[in-house]
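Novice: Kindly generate the corresponding structure for this input.
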Amino acid sequence: ELLYATGLRVSELVGLALENLRGIREESGRKSLDFLLLSGKGGKERAVPVGEQAQDWLGRYLSQGRSQLVKGGRHSAVFLNHRGGVMTRQGFWKILKAYARSLDLPQVSPHVLRHSFATHLLEHGADLRAVQLMLGHSDIATTEIYTHIHQHRMRRLYDRFHPRA
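Specialist: Purely as a prediction, here's the structure:
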């Protein structure tokens with residue numbers, strides 16, 4: 001949920017430290033937060049908002065699941081593996097692929113979730129520059145790749161609904 005809700009790269013997700021979680025507050029026994037503070041590619045820092053569903057799931061994990069994974073010692077990493085160590089990109093990929101297979105969605109990958117995040121924002125009217133900042137792209141041309149899909153969808157809608165298409 002957090003990967004799709006924020007558009008993070010897998011390396012950013014598994015590299016999240018507790019200090020990257022900003023605006024944490026306790027509500028009804030659950031933790032929630034406003035945004036993630038990330039140091040992405042090239043060491044660029046950016047703040048990424050976190051939606052309510054992702055806040056809920058992350059809060060559940062932090063208050064119920066993570067504490068069971070920490071084994072002797074204090075880790076600053078948000079996501080831990082079953083041995084209590086820091087989760088790796090490969091470990092996350094294996095977990096995601098197992099869930100995807102169980103749901104008969106073999107095409108799901110971390111990048112598909114990132115791509116869907118950007119595409120869905122643009123399809124619902126988000127500003128290209130805002131999406132660029134959320135994705136951590138230094139060049140707007142990289143973000144513009146997602147507009148082609150958006151334009152393709154617009155063409156389909158136009159062809160379907162415009163009387164002179």
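
Novice: List the buried residues in stretch 108-125.
Specialist: By 16 or more other Cβ atoms under 10 Å, the buried positions in stretch 108-125 come out as 108, 110, 113-115, 117-119, 121-122. Quick note: C-beta positions are derived from backbone N, CA and C, even for glycine.

Novice: again with stretch 56-63
Specialist: Neighbour count says stretch 56-63 has 56, 58-59, 61-62 buried, by 16+ other Cβ under 10 Å.

Novice: what do you get for stretch 150-158?
Specialist: Under 16+ other Cβ under 10 Å, the buried positions of stretch 150-158 are residue 150.

Novice: try stretch 61-81
Specialist: 61-62, 66, 69, 75, 77-80.

Novice: Just name the lowest-scoring one in these, pLDDT-wise.
Specialist: Among these, residue 75 has the lowest pLDDT, at 81.

Novice: That one should be in a helix, yeah?
Specialist: No. Secondary structure of residue 75 (DSSP: H, G, I helix; E, B strand; the rest coil): coil, not part of a helix.

Novice: for this structure, which residue is closest to the average position?
Specialist: With distances taken as Cα atoms, centre = their mean, residue 3 lies nearest the centre of the chain, 2.3 Å away.

Novice: I figured that residue hits residue 110, correct?
Specialist: Yes. Judged on Cβ atoms under 8 Å, residue 3 makes contact with residue 110 at a distance of 6.1 Å.
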